[in-house]
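Novice: Please find the sequence and the predicted model below.
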Amino acid sequence: MLKIFSFSIFCFICLNLLGQGNSPYSELGIGGVSGSNFQSNFATAGLSTTNDSKYFINPDNPASYGKIKYTLGEAGLFYSNNYYTDSSGTGSNSSFNLGHFGFGFPILDNMGVALGIMPYSKMDFNYSFSDVNADNLSIERKFRGQGNLSQVFLGTGVSIKNFSFGLNGKFIFGQQTKSESLQFLSGDFANIRNREILTVRGFTAQAGAIYEIAIGEEHKLKIGGTFNLGNDISSDKYQIINNYLTTEVTVDNETVTVENHSDGTILLDTENTPTEQKITLPHEYKAGISFSKNGQYLIGLDYKNSAWDLLKIGGVKQGFSRQQSVILGGEYIPNLEAKGLENYFKSVIYRAGINYGNSSIIVNGEQLMEYGIKFGLGFPLKKYKYESEKFGSYLFTSIGYDRVTAKNPGSISEHYFKINFSVILNDKWFVKRKFD
């Protein structure tokens, strides 16, 4: 019990580091939307509708909570290295953050609860180009954006015979900032920066169900589905405009232009009188099927449909398209009961998955495509035994590659290389220990 308690304290201290990846397309809407980094989802490329396990948390389908038998804790570190290419050249960016945290436990033999936090979306872009203004003066236009939206979830699931169902309540919150700077290339004019800050908070919900069909004594066929509610959440938007000066400094024998905003003049500040506006989130549903053998393997297929074409900010549609994708994934354990160091890799969990579909992003009238592949290894740690039950913890390492691309040569193609390190701790709480 102490190990999960200490683990939980550490994770909550680090929650301000939540983040995931970078993308030029994150300027659109509410930023680039994140998938679940929990190992039951990430290592299988997003497979989630029929995943239910007593060893792992699956926040993408709350019906899975009904199968939780132990007190579970999971936290992960996420690294993303992204490359962008278009007709004019290439660029890259990387980030390393705490990716997720979750905690689950049973409250009855057939009922469990889970809560946690993970990214919802991230805005991170930075680009510029040279131009001339109406007075034929040379200027540089700079566009920058940053900020995260995170989601806290709390849910419960119940399993009754072959049927499981559950609900997740979610609170989405965070702040995102977009800025546009007009910088003169001569020092005779004051530069100007316009920042728009959006603060978001609001509740939404998710429902899920899983139906299990026994095939013989060891095999199972599962059918599942989830539905994310598309509803309105609140946001406040305010604006700060200031002028600023620039200075040139030498760093590593290279001349760098540094912006000085602290000595600039504030021309407009509406922070104390923000504009309230609603954000209409898209609804999403997933359906899936899987076939498994107890304690050895699982293979599943999911279909996802997300109505991003309905996303509105302040009542204005954001120009996205409906997103659809197919996910194929699974896991394999050679021998869950393998003993001894010589048989260690027979008890390792091997997971993999692929996803393919269209993106929600439309560029020059063309809907972008996205696809990816993931691999993961779950290394078991020391196992414990309670009565006839054996349980233990895992250290997971997963890698993935995702691509967003278009046929139009003028569009930006993105390549994401991702690494996910997670620790999953299992323990047995609320039990009177027995000693000889």
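Specialist: In hand now; what should we look at? Residues are numbered from 1 along each chain as shown.
Novice: can I assume residue 107 is in contact with residue 113?
Specialist: Yes - counting by CB atoms under 8 Å, residue 107 touches residue 113, with 5.8 Å between them. For every residue, glycine as well, the C-beta is placed using N, CA and C.
Novice: hey, what's in contact with both of those two?
Specialist: Common neighbours of residue 107 and residue 113, using CB atoms under 8 Å, 6 or more residues apart in numbering, are residue 156.
Novice: hey, where'd the strands end up in the stretch 101-250 of the chain?
Specialist: 111-132, 138-160, 163-184, 191-215, 219-228, 232-251 (DSSP state E, counting those that start in this stretch).
Novice: what stretches of the stretch 301-436 of the chain score poorly on pLDDT?
Specialist: 340, 383-391, 409-410, 428-436 (pLDDT under 70).
Novice: Look at residue 416 and say how many residues are nearby.
Specialist: Counted with other CB atoms under 10 Å, residues neighbouring residue 416 total 20.
Novice: got a list of what it touches?
Specialist: 21, 80, 81, 82, 372, 400, 401, 402, 403.
Novice: let's see 10 Å
Specialist: 20-23, 32, 80-83, 370, 372, 400-404 (CB atoms under 10 Å, 6 or more residues apart in numbering).
Novice: Which of the residues you listed has the largest number of neighbours?
Specialist: Top of the contacts of residue 416 by neighbour count (other CB under 10 Å): residue 20, with 28 neighbours.
Novice: Give me the pLDDT value at that one.
Specialist: Residue 20 is assigned a pLDDT of 44 by the prediction.
Novice: Nearest to residue 57, out of the strands of the stretch 101-250 of the chain?
Specialist: strand 111-132 (5.3 Å; CB to CB).
Novice: tell me which strands and helices the closest one is in contact with?
Specialist: Secondary-structure packing of strand 111-132 (3 or more CB pairs under 10 Å, 6 or more residues apart in numbering; DSSP states H and E): helix 2-13, strand 32-33, strand 71-86, strand 89-108, strand 138-160, strand 163-184, strand 191-215.
Novice: In JSON lines: the ones you listed, plus distance to residue 318.
Specialist: Output for the helices and strands packed on strand 111-132, formatted as JSON lines (distance: least, CB to CB, whole Å):
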{"stretch": "helix 2-13", "distance to residue 318": "33"}
{"stretch": "strand 32-33", "distance to residue 318": "12"}
{"stretch": "strand 71-86", "distance to residue 318": "21"}
{"stretch": "strand 89-108", "distance to residue 318": "23"}
{"stretch": "strand 138-160", "distance to residue 318": "14"}
{"stretch": "strand 163-184", "distance to residue 318": "13"}
{"stretch": "strand 191-215", "distance to residue 318": "13"}
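Novice: looking at the ones you listed, which is closest to residue 382?
Specialist: Of all those, it is helix 2-13 that lies closest to residue 382, at 10.9 Å by CB to CB.
Novice: For the closest one, give the mean pLDDT please.
Specialist: Helix 2-13 comes out with an average pLDDT of 41.
Novice: thinking again about what came up before, can you redo the strands of the stretch 101-250 of the chain as JSON lines with mean neighbour count and mean pLDDT?
Specialist: Output for the strands of the stretch 101-250 of the chain, formatted as JSON lines (neighbours: other CB atoms under 10 Å; pLDDT from 0 to 100):
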{"stretch": "strand 111-132", "mean neighbour count": "19", "mean pLDDT": "90"}
{"stretch": "strand 138-160", "mean neighbour count": "19", "mean pLDDT": "93"}
{"stretch": "strand 163-184", "mean neighbour count": "19", "mean pLDDT": "95"}
{"stretch": "strand 191-215", "mean neighbour count": "18", "mean pLDDT": "96"}
{"stretch": "strand 219-228", "mean neighbour count": "19", "mean pLDDT": "96"}
{"stretch": "strand 232-251", "mean neighbour count": "14", "mean pLDDT": "89"}
